[in-house]
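Novice: have a look at this fold, sequence not included:
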């Protein structure tokens, strides 16, 4: 699923640039993604749009950055891990994401249905949340989102 998401990010500048669902499925199949992976990714993106809409409806007045502290439930910590929580705190303190975007990222990470979501997957989720909202991270943050901790060289997107 995450490979499909990265491919969509690389291929389409904005979500609106994506073709309709049927054409997109055909294109992704032609590129070599299997049907299950495509279905999961497109379902995940549909749910991302719904989650973003729900959060903006629930918290329309909250556009500024929060000064509160986010306490994670044990179930969230089990899935996210301390490294991911620290990364999200870094992004929020650097004002790359706001508190609502953080919550959307957490919700989408939990919806990824993995027993534990790796830091690399969280970075893709962060990128997809920003992409879906028409926001592009600056160069340094983009490098951080696509650097591999084991390598000193940034990894290629796809």
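Specialist: Looks like it arrived, so ask away. The shown structure was predicted, so the numbers you read here are calculated from the model rather than taken from an experiment. Residues are numbered from 1 along each chain as shown.
Novice: element containing the residue nearest the centre of the chain?
Specialist: Centroid-nearest residue in the chain: residue 125, 1.6 Å away (criterion: CA atoms, centre = their mean). Residue 125 is located in helix 119-132, with elements delineated by DSSP states H and E.
Novice: cool, and residue 101?
Specialist: helix 99-111.
Novice: and the angle for that helix with helix 119-132?
Specialist: Per axes from the mean of the first three to the mean of the last three CA atoms, to 10 degrees, the angle that helix 99-111 makes with helix 119-132 is 130 degrees.
Novice: in helix 99-111, which residues are buried?
Specialist: Under the neighbour-count criterion of 16 or more other CB atoms under 10 Å, helix 99-111 has 99, 100, 101, 102, 103, 104, 105, 106, 107, 108, 109 buried. All C-beta spots, glycine's among them, are computed from the backbone N, C-alpha and C.
Novice: same check on stretch 1-18?
Specialist: Under 16+ other CB under 10 Å, the buried positions of stretch 1-18 are 1, 2, 4, 5, 6, 7, 8, 9, 15, 18.
Novice: any idea how far that stretch is from the chain center?
Specialist: 11 Å (CA atoms, centre = their mean, to the nearest Å).
Novice: now stretch 112-124
Specialist: 9 Å.
Novice: what packs against the longest helix seen in the chain?
Specialist: In the chain, taking DSSP state H as the definition, the longest helix is helix 35-58. If contacts are counted by 3 or more CB pairs under 8 Å, 6 or more residues apart in numbering; DSSP states H and E, helix 35-58 sits against helix 2-11, helix 21-31, helix 99-111, helix 119-132.
Novice: which stretch among those comes nearest residue 56?
Specialist: Closest of those to residue 56 is helix 99-111, at 7.4 Å (criterion: CB to CB).
Novice: check residue 152 and give its pLDDT.
Specialist: Note for residue 152: predicted pLDDT of 44.
Novice: looking at the protein, which residue lies furthest from center?
Specialist: residue 30 (24.3 Å).
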